[in-house]
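J.: this one's sequence-less:
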């Protein structure tokens, strides 16, 4: 079978965070499949075809891309961030398992990218500096009861938590409910970061506390990081703050200087 | 204060996975601090100084880098993978909190990178395709009891699990003990991936099961991914396999074809 399929992570959105490996793989493809807004980020190349589809049509998109590759094309499938994190790599594997078994012969490669939580964390310090979880709040593909159970397990075991897919028009109440659950397990002053469209023109970062966090601060382009009980907020003279989780658990005793000079 | 400090993620090791943002930040620095083997990966630039230190000296390295920046230098601190994941970004924040408060004025930025678990996952499919945790097995900075508790919480709540810092000469028994704990919570045939030095010349990937996993397959350059009860192994005609965790929880019913053709 002569075709080839590459699943490519586009990173958070800024071209400076797209790896050379991803750029080259994009250039090499005859046809690129993806969610419309992700395709729009890719520089056009003469002769390269684009196949845009809507969010939520991942298995159908994956199956069409695999079929194109099975017929001999060099196919790319793109994801924002990293394709292995709540994105197309799992959809491709799933579609391949359901597809004619001859397709399993296809040359398949996956090109990693900077996933959203890492870009958000980098903007504010190191909130994922020790053990952490990544959890999708979407209950389209799993029962909400599983989300609740995982939130409780992660918070009570001391993981920092990155929340993906926090809210959408079709899922309006889940994030507020998730914050309520987290409040029963974590201190009120636990730092919370809302990172929206990080590295893009419409980036917006909000640093708040679990007590004050409000679901209305998030949209579909937001990744939220909730600290652990160890996570610290370090105010800076310019009015910004760093949020970080020390590498040591339960042992942080900062040397506090008398006074505070700039 | 005129100095500047940038914490830079070098990615897994291959230059094709270093972002343009990271390359440019490396070029711009007067002096680069880091663990010796990471510094060795960076192309030399005339006039740029290097400050190598050993693994385990992170807070000391961070303090010296901050001091250089406070004295006016343009300083880079490098981490393998992503600096926010078990790496230098948290050490810099920690050192800054302990340092003279005037240093909080410094221009500080963090450049994310491809962290090890994403590179390992991309090599084998999508083992982190749904909710997952990243956990360091090092008990240098936290009590071992916390590691055990987090392993139990993560496995029993259905997270896939990426294990960082699995083993070292000073920590010889922890990984085997971690595998024993996971065996009490997860099916024996849960897929396990040992990914060593991914993207580098001495890369080695081993796909096995939780039952058969042996700590001796890991070294300091290894990141291990342990699946959830949903994680699937998909054999391919060329003798390799894909490991992936479906996006849907508890609902995967593959259409099995009679026979198996190549």
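T.: Cool, got the structure. Computed from a predicted structure; not experimentally measured.
J.: what's the spacing between stretch A:20-30 and its chain's center?
T.: Offset of stretch A:20-30 from its chain centre (C-alpha atoms, centre = their mean, to the nearest Å): 21 Å.
J.: Poorly predicted segments of the stretch 101-250 of chain A, please.
T.: Within the stretch 101-250 of chain A, the stretches with pLDDT under 70 are A:250.
J.: Over in it, which residue gets nearest chain B? Let me know.
T.: Taking C-beta to the nearest C-beta as the measure, the point where the stretch 101-250 of chain A comes nearest chain B is residue A:129, at 2.9 Å. For every residue, glycine as well, the C-beta is placed using N, CA and C.
J.: How about the secondary structure of that residue?
T.: Assigned with DSSP: H, G, I helix; E, B strand; the rest coil, residue A:129 falls in the coil class.
J.: can you give me the helices for the stretch 51-200 of chain A?
T.: Remark: helices assigned in the stretch 51-200 of chain A by DSSP state H, counting those that start in this stretch are A:58-70, A:88-98, A:116-124, A:144-156, A:174-183.
J.: any idea which of these is most buried?
T.: Greatest average neighbour count among the helices of the stretch 51-200 of chain A goes to helix A:116-124 (a mean of 28), per mean count of other C-beta atoms under 10 Å in any protein chain shown.
J.: what's the closest of the helices of the stretch 51-200 of chain A to residue B:208?
T.: Minimum separation from residue B:208 across the helices of the stretch 51-200 of chain A (C-beta to C-beta) falls at helix A:88-98, 18.3 Å.
J.: Let me see the mean pLDDT of the closest one.
T.: Helix A:88-98 comes out with an average pLDDT of 97.
J.: and residue A:212, what element?
T.: Of the helices and strands defined by DSSP states H and E, none includes residue A:212.
J.: For it, which residues are in contact?
T.: Residue A:212 makes contact with no residue under the criterion C-beta atoms under 8 Å, 6 or more residues apart in numbering or on different chains.
J.: For residue A:231, what are phi and psi?
T.: For residue A:231, the backbone dihedrals (degrees, to the nearest 10) come out as phi -70, psi 140.
J.: From residue B:57, how far off is the nearest residue to it once chain neighbours are set aside?
T.: Spatially, and ignoring its direct neighbours in sequence, residue A:231 is nearest to residue A:245 (4.6 Å; C-beta to C-beta, 6 or more residues apart in numbering or on different chains). Applying C-beta to C-beta, to the nearest Å, the value for residue A:245 to residue B:57 is 20 Å.
J.: For the residue nearest the centre of chain A, give me its contacts.
T.: Most central in chain A under C-alpha atoms, centre = their mean is residue A:116, positioned 3.8 Å from the mean C-alpha point. Neighbouring residues of residue A:116 by C-beta under 8 Å, 6+ apart: A:12, A:80-81, A:85, A:162, A:164, A:195, A:198, A:223.
J.: export those to TSV and tack on distance to residue A:235 and neighbour count?
T.: Output for the contacts of residue A:116, formatted as TSV (distance: C-beta to C-beta, whole Å; neighbours: other C-beta atoms under 10 Å in any protein chain shown):
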residue	distance to residue A:235	neighbour count
A:12	26	28
A:80	32	23
A:81	30	26
A:85	31	29
A:162	23	27
A:164	28	20
A:195	19	28
A:198	21	26
A:223	23	26
